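1. model this:
(one chain, ligands or ions: 2)
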Amino acid sequence: LRCSFEECSATAEWLLSRTEIRPLVGIVCGSGLGGLAEMLKDQMAFKYSDIPNFPQSTVHGHAGRLVFGKLKGKACVCMQGRFHLYEGYPIHKVTMPMRIFKLLGVETVILTNAAGGLNQDYKVGDIMIIKDHINMPGFAGNNPLAGPNDERFGVRFPSMSDAYDRELLQLAQGVGAELGFGDFLREGVYCVLGGPSFETIAECRMMNRLGADAVGMSTVHEVIVARHCGMRVFALSLITNQAVMDYDSQEKANHEEVLETGQLRAKQLERLVSNMVTHIEHNNNDA
Ligand SMILES: O=P(O)(O)O[C@H]1O[C@H](CO)[C@@H](O)[C@H]1O
Ligand SMILES: Nc1nc2[nH]cnc2c(=O)[nH]1
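-> Ligands and ions are numbered 1, 2, ... in the order given. This next block holds a predicted model:
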């Protein structure tokens, strides 16, 4: 029941029997960043509502389509819309698509999200390469791997000190520098909260002191499940707003601003990801 191997396999087989594309790269589009999926050539798209066992997108800015296609010649699958804890899904359902990715043959996962900037040096529009995370819901026992472990996916106690692939991080820095993105490309720690309420001033100050550079409501759960089943992970946050850290500030976080900033930087984010994809090496290079 808990997104079992059999259930995920049935979904993966359903998809594989309907497309000839055999993706090695899986991409997850964050809030307002679904334009990445539009870049795929020779597209074959499935609405989430048509895919067996798949959850539905309920958030504005998340289209709810799984798109297969070629990005600069490389076979990819792209989630145009992801699932969040605050939508009311059980945590293992939020991360189920990572297991589907694995069973489709994906080796590398690239995740994007919209996040609030906690680091005082960050500006709205900065792109932060995620080098590490703080899993706040995890501290309270809310981990997508809780429950019986199926060894066909991975081990009971996966390490997370190597969650974010160092080589991919270097690659992103190189590609970013080549594109002239140096001024707004950062590297930092992403902290996940459950949402959907945005954080208080005291919460932002606390997270900042604990070493977080950006805050959001996604990605970390997907990263944990992707690493558990042995995929390489790379993740990016677009800093869509500055977290409010000051009692004198009149600013208030809101989803409209998040989507607007997404539009502002979408093209550059897409170029960064697509140029990276052309450079990624895979074990299975036939596809
Ligand atoms: O993380 P993504 O899906 O980009 O979305 C982020 O933006 C939404 C809030 O505006 C939240 O869902 C937060 O997690
Ligand atoms: N939790 C949280 N998620 C976000 N997503 C985009 N901006 C924010 C933010 O400020 N806080």
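2. how far away is residue 209 from ligand 1?
-> Applying C-beta to the nearest ligand atom, to the nearest Å, the value for residue 209 to ligand 1 is 22 Å. Heads up, the C-betas are built off the backbone N, CA and C, glycines and all.
3. can you check residue 2 too?
-> Distance of residue 2 to ligand 1, computed by C-beta to the nearest ligand atom: 23 Å.
4. got the contact list for that residue?
-> Applying C-beta atoms under 8 Å, 6 or more residues apart in numbering, we find residue 2 in contact with 90, 92, 147-148.
5. so it, which state does it fall into?
-> Secondary structure, DSSP: H, G, I helix; E, B strand; the rest coil: residue 2 is coil.
6. ok, residue 67 next?
-> When classified by three-state DSSP, residue 67 comes out as strand.
7. can you count the residues close to whatever residue of the stretch 101-250 of the chain ends up closest to ligand 2?
-> Sorted by distance to ligand 2 under C-beta to the nearest ligand atom, the residues of the stretch 101-250 of the chain start with residue 116, at 2.2 Å. Neighbours of residue 116 under the rule other C-beta atoms under 10 Å: 27.
8. i'd like the first residue to be 43 from this point on
-> From this message on, residue numbering opens at 43, which makes the last subject residue 158.
9. returning to that earlier point: who wins for neighbours among the contacts of residue 44?
-> Most neighbours among the contacts of residue 44, by other C-beta under 10 Å: residue 134, with 19 neighbours.
10. so that one sits right up against residue 186, yeah?
-> Yes. Judged on C-beta atoms under 8 Å, residue 134 makes contact with residue 186 at a distance of 5.4 Å.
11. from residue 249, how far out is residue 157?
-> Using C-beta to C-beta, to the nearest Å, we find residue 157 at a distance of 11 Å from residue 249.
12. what's the overlap in contacts for those two?
-> Common neighbours of residue 157 and residue 249 (C-beta under 8 Å, 6+ apart) are residue 257.
13. who has more neighbours out of those two?
-> residue 157 (32 against 23).
14. can you classify that one by secondary structure?
-> Going by three-state DSSP: residue 157 is strand.
15. next up, the contacts around it.
-> 170, 232, 256-258, 279-282.
16. helices of the stretch 143-292 of the chain, residue ranges please.
-> Ranges of helices in the stretch 143-292 of the chain, per DSSP state H, counting those that start in this stretch, are 178-181, 208-220, 243-251, 262-270.
17. just put those helices in TSV and tack on distance to residue 104.
-> Shown next, in TSV, are the helices of the stretch 143-292 of the chain (distance: least, C-beta to C-beta, whole Å):
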stretch	distance to residue 104
helix 178-181	20
helix 208-220	23
helix 243-251	24
helix 262-270	14
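18. quick check: longest helix of this structure.
-> Using DSSP state H, we find that the single longest helix of the chain is helix 297-321.
19. look up the closest residue to the residue in the chain that ligand 1 sits nearest to, ignoring the ones flanking it.
-> Nearest to ligand 1, among the residues of the chain, is residue 72, at 2.8 Å (C-beta to the nearest ligand atom). Spatial nearest neighbour of residue 72, excluding adjacent residues (C-beta to C-beta, 6 or more residues apart in numbering): residue 155 at 3.7 Å.
20. what's the neighbour count on that neighbour?
-> Neighbours of residue 155 using other C-beta under 10 Å come to 27.
21. pretty sure residue 317 contacts residue 219?
-> No. Contact criterion C-beta under 8 Å: residue 317 and residue 219 do not qualify, at 11.2 Å.
22. what about the two, which has more around it?
-> More crowded of residue 317 and residue 219, by other C-beta under 10 Å: residue 317, with 18 against 11.
23. residues contacting the more buried one?
-> Counted by C-beta under 8 Å, 6+ apart, residue 317 has contacts 114, 217, 220-221.
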